[in-house]
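Participant: Turn this into a structure:
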Amino acid sequence: MGMETGNRESLEWAKYVIRNSITDEYQSAFDTFILLADSGNADAMFCLGLVHARGQGVPKDYATAFHWMEKAYKLDHKDATYFLGKMYLNGLGTDKILHKAISLFKRAANWNDSRAEM
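Facilitator: Coordinates of the predicted model:
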């Protein structure tokens, strides 16, 4: 339980850094995301997708962003489902595949993600 709590706190700190654009802490936050993503944490995978898509502390790289979003989606991460749909819709890091985008948006909407409602 202690390690799980420590991981949760580390993840929340790293998300705070990215959300608030604390640029001198980006590398530390990125390292935290990698460590937790490699241990199977879907939220950390999603965050890695975001930082790569936005170019926060790393070069903007949609292919890498897609990779991490897809991994998080496969672990039923709700936000990753919506963002993966956007990536398919716009051809970011992948081919534009409208039917996959629609399917992902429907799944996100079923989870009450209002961004995905059609």
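
Participant: Name the nearest residue to the residue nearest the centre of the chain, ignoring sequence neighbours.
Facilitator: When the chain is reduced to its mean C-alpha position, the nearest residue by C-alpha atoms, centre = their mean turns out to be Phe46, at 2.0 Å. Nearest non-adjacent residue to Phe46, counting by C-beta to C-beta, 6 or more residues apart in numbering: Ala72, 4.1 Å away. Just so you know, the C-beta spots here come from the backbone N, C-alpha and C atoms, and that holds for glycine as well.

Participant: ok, the one you found touching Lys78?
Facilitator: No - Ala72 is beyond contact range of Lys78, at 9.4 Å (criterion: C-beta atoms under 8 Å).

Participant: Give the residue from the two that has the larger number of neighbours.
Facilitator: Between Ala72 and Lys78, Ala72 has the larger neighbour count (other C-beta atoms under 10 Å), namely 27 against 17.

Participant: Need the three-state assignment for Asp95.
Facilitator: coil (DSSP: H, G, I helix; E, B strand; the rest coil).

Participant: now do Tyr26
Facilitator: helix.

Participant: distance of it from Thr32?
Facilitator: 11 Å (C-beta to C-beta, to the nearest Å).

Participant: More neighbours: which of these two?
Facilitator: Neighbours were counted for Tyr26 and for Thr32 using other C-beta under 10 Å; Thr32 has more, 22 against 17.

Participant: Skip the chain neighbours and tell me the closest residue to the more buried one.
Facilitator: Thr32's closest residue in space is Ala14 (C-beta to C-beta, 6+ apart), at 4.1 Å.

Participant: Over to Arg107?
Facilitator: Spatial nearest neighbour of Arg107, excluding adjacent residues (C-beta to C-beta, 6+ apart): Thr81 at 5.4 Å.
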